[in-house]
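Asker: below are the sequence and a predicted model for it; my questions follow.
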Amino acid sequence: MRVVLGSDHAGFELKEKVKETLTSMKDIVVSDYGTDNAETPVDYPDIAREVAMTVAGGKADKGLLFCGTGIGMSIAANKVPGAYAAHVCCEETARLSRAHNNSNILALGGRTTDHEKALEIVRIWLETPFEWDRHLNRFRKIQLFEEETGRALAGKDSTGRLVTFEHPLIKHKIGMIRDETTPVKVFRELVQEIAGLMVYEITRDLPLESVRVKTPITEAQAWSLAGKKMAVIPILRAGLGMVDGILQLIPNAKVGHIGLYRDPETLEPVEYYCKLPGDIEERDIYIVDPMLATGGSAAAAIDLVKRRGGRRIALVSLIAAPEGVEKVHSRHPEVDIFAAALDSHLNDHGYIVPGLGDAGDRLFGTK
Ligand code: PRP
Ligand code: URA
């Protein structure tokens, strides 16, 4: 286990005592981020940040912070996303902060905690595993909250992005599905392939957690997906054509279904079916539909998902028209739209130009 230590001048002596003990233990690799004496005052946030960044970034497994009380260190460390610092002053809270809260940093008071007691606290804290069962869901809620707060503070909640794709493989395949001579079977395969390729970009921000693995050669630090819950929601019927391509890469996603068709006269969406995962409010939601034309269907689908409690919603389309992007963003400004291609405009019948014609008919051979 890699343990990183840091203190200010007030926590220096306790840090040295703990370091001496840990250094003598096998299986623990200690790094000391200072400070190196008790006389020269230093600012605890500087040390807390370095230690917290190292742990949250996966370069150490655990962090130990020491200041006069441990309080300032824990407050500062907890500003780093991915740092879960517990200010502890007794053995029982040390155990519970690991077992129930999955803390990865321990903050102790050099002036408030007896040194022998502090050593016992550190021992218990390092030895206690996280009790995954009922506490995992609560811990994930903290991670979710952290992520949402970060997005809100960055102003992202009011400015959903339009992300288009420049990758040559995607461009090549989009060219093939536009071609009116492409047979139904090939068209269907291409739609799944493009949807799968788009997943790489769409999932770029998925959170990871640091894990230890044993390779045939040695032990190593590695990364594992932090178990984010996802839902893929196709708009029937054409959205179905994208689902398997996405599930190949994220097989644990739940699939909901929304049935909408466009009234050919009014071009307004008509709802005929809706079945969503029960825990939709906890999931990252990808509404999928190959065509974003007037945007009526997509905006109505997002309305529906929000009414059922969905909060983190993105729209994934193969071909979008500017009119559709405008409508979705005016009704749902926070929603990211991922479109493999952004086309020119709509014709008088509400079809995308140049587009690919009627996606449902081309997928299911119904024309
Ligand atoms: C198509 C497409 C979208 C909608 C887009 O579905 O799959 O759902 O049109 O148009 P809009 O942006 O103007 O709402 P359609 O209504 O043809 O139904 P289908 O999938 O059952 O063929
Ligand atoms: N629906 C389609 O399938 N294609 C379009 O171009 C517009 C709406």
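Answerer: Received the coordinates, thanks. Ligands and ions are numbered 1, 2, ... in the order given.
Asker: now do the helices in the chain.
Answerer: Using DSSP state H, the helices of the chain run over 12-23, 44-56, 71-77, 91-99, 115-127, 132-153, 168-178, 184-202, 240-247, 296-307, 322-331, 359-364.
Asker: mind putting those in CSV, distance to residue 232, mean neighbour count and mean pLDDT included?
Answerer: Using the backbone N, CA and C atoms, a C-beta is placed for each residue, glycine as well. Output for the helices of the chain, formatted as CSV (distance: least, C-beta to C-beta, whole Å; neighbours: other C-beta atoms under 10 Å; pLDDT from 0 to 100):
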stretch, distance to residue 232, mean neighbour count, mean pLDDT
helix 12-23, 46, 19, 97
helix 44-56, 29, 22, 95
helix 71-77, 36, 23, 98
helix 91-99, 35, 18, 97
helix 115-127, 40, 17, 97
helix 132-153, 19, 13, 78
helix 168-178, 19, 15, 97
helix 184-202, 9, 19, 96
helix 240-247, 5, 21, 98
helix 296-307, 12, 21, 96
helix 322-331, 18, 18, 94
helix 359-364, 16, 20, 98
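Asker: residue 315 is nearest to which of those helices?
Answerer: helix 296-307 (5.5 Å; C-beta to C-beta).
Asker: in the stretch 101-250 of the chain, what residue is nearest ligand 2?
Answerer: residue 238 (6.0 Å; C-beta to the nearest ligand atom).
Asker: contact partners for that residue?
Answerer: Going by C-beta atoms under 8 Å, 6 or more residues apart in numbering, residue 238 touches 289-291, 359-360, 363.
Asker: ok, residue 30 next?
Answerer: Contacts of residue 30 (C-beta under 8 Å, 6+ apart): 3-5, 19, 22-23.
Asker: can you do 7 Å?
Answerer: 3, 5, 19, 22-23 (C-beta atoms under 7 Å, 6 or more residues apart in numbering).
Asker: any idea which of the residues you listed is closest to ligand 2?
Answerer: Nearest to ligand 2 among the contacts of residue 30, counting by C-beta to the nearest ligand atom, is residue 3 at 57.4 Å.
Asker: mind checking pLDDT for the closest one?
Answerer: Residue 3 carries a pLDDT value of 97.
Asker: bridged to it, which residues?
Answerer: Residue 3 has the following beta-bridge partners by DSSP bridges: residue 30, residue 62.
Asker: thinking it is in contact with residue 22, fair?
Answerer: Yes - in this structure, residue 3 is within contact of residue 22 by C-beta atoms under 7 Å, at 6.1 Å.
Asker: that older thread, same list (the helices of the chain) but as JSON lines, adding distance to residue 64.
Answerer: JSON lines is the format used below for the helices of the chain (distance: least, C-beta to C-beta, whole Å):
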{"stretch": "helix 12-23", "distance to residue 64": "6"}
{"stretch": "helix 44-56", "distance to residue 64": "8"}
{"stretch": "helix 71-77", "distance to residue 64": "10"}
{"stretch": "helix 91-99", "distance to residue 64": "11"}
{"stretch": "helix 115-127", "distance to residue 64": "7"}
{"stretch": "helix 132-153", "distance to residue 64": "20"}
{"stretch": "helix 168-178", "distance to residue 64": "47"}
{"stretch": "helix 184-202", "distance to residue 64": "38"}
{"stretch": "helix 240-247", "distance to residue 64": "42"}
{"stretch": "helix 296-307", "distance to residue 64": "44"}
{"stretch": "helix 322-331", "distance to residue 64": "47"}
{"stretch": "helix 359-364", "distance to residue 64": "57"}
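Asker: any chance of those helices in CSV, with distance to ligand 1 too?
Answerer: Shown next, in CSV, are these (distance: least, C-beta to the nearest ligand atom, whole Å):
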stretch, distance to ligand 1
helix 12-23, 60
helix 44-56, 41
helix 71-77, 47
helix 91-99, 48
helix 115-127, 54
helix 132-153, 26
helix 168-178, 13
helix 184-202, 11
helix 240-247, 8
helix 296-307, 3
helix 322-331, 5
helix 359-364, 2
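Asker: residue 84 is nearest to which of those helices?
Answerer: Here helix 132-153 is closest among the helices of the chain (C-beta to C-beta), at 7.3 Å.
Asker: using CSV, write out every CA atom in the closest one.
Answerer: What follows is helix 132-153, C-alpha atoms only, in CSV (Å, rounded to 0.1, in the frame of the first residue of the first chain):
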residue,chain,number,x,y,z
TRP,A,132,-19.4,-2.2,0.1
ASP,A,133,-22.9,-3.6,0.5
ARG,A,134,-25.3,-1.0,1.8
HIS,A,135,-22.8,1.8,1.9
LEU,A,136,-21.8,1.7,-1.7
ASN,A,137,-24.9,3.4,-2.9
ARG,A,138,-24.4,6.3,-0.4
PHE,A,139,-20.8,6.7,-1.4
ARG,A,140,-21.8,6.9,-5.0
LYS,A,141,-24.3,9.6,-4.2
ILE,A,142,-21.4,11.6,-2.8
GLN,A,143,-19.5,11.1,-6.0
LEU,A,144,-22.5,12.1,-8.0
PHE,A,145,-23.1,15.2,-6.0
GLU,A,146,-19.4,16.1,-6.4
GLU,A,147,-19.7,15.8,-10.2
GLU,A,148,-23.0,17.7,-10.5
THR,A,149,-21.7,20.5,-8.3
GLY,A,150,-18.6,20.8,-10.4
ARG,A,151,-20.7,21.0,-13.5
ALA,A,152,-23.0,23.6,-12.0
LEU,A,153,-20.2,25.7,-10.7
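Asker: by contact count, what packs against it?
Answerer: Applying 3 or more C-beta pairs under 7 Å, 6 or more residues apart in numbering; DSSP states H and E, one finds that helix 132-153 contacts no other helix or strand.
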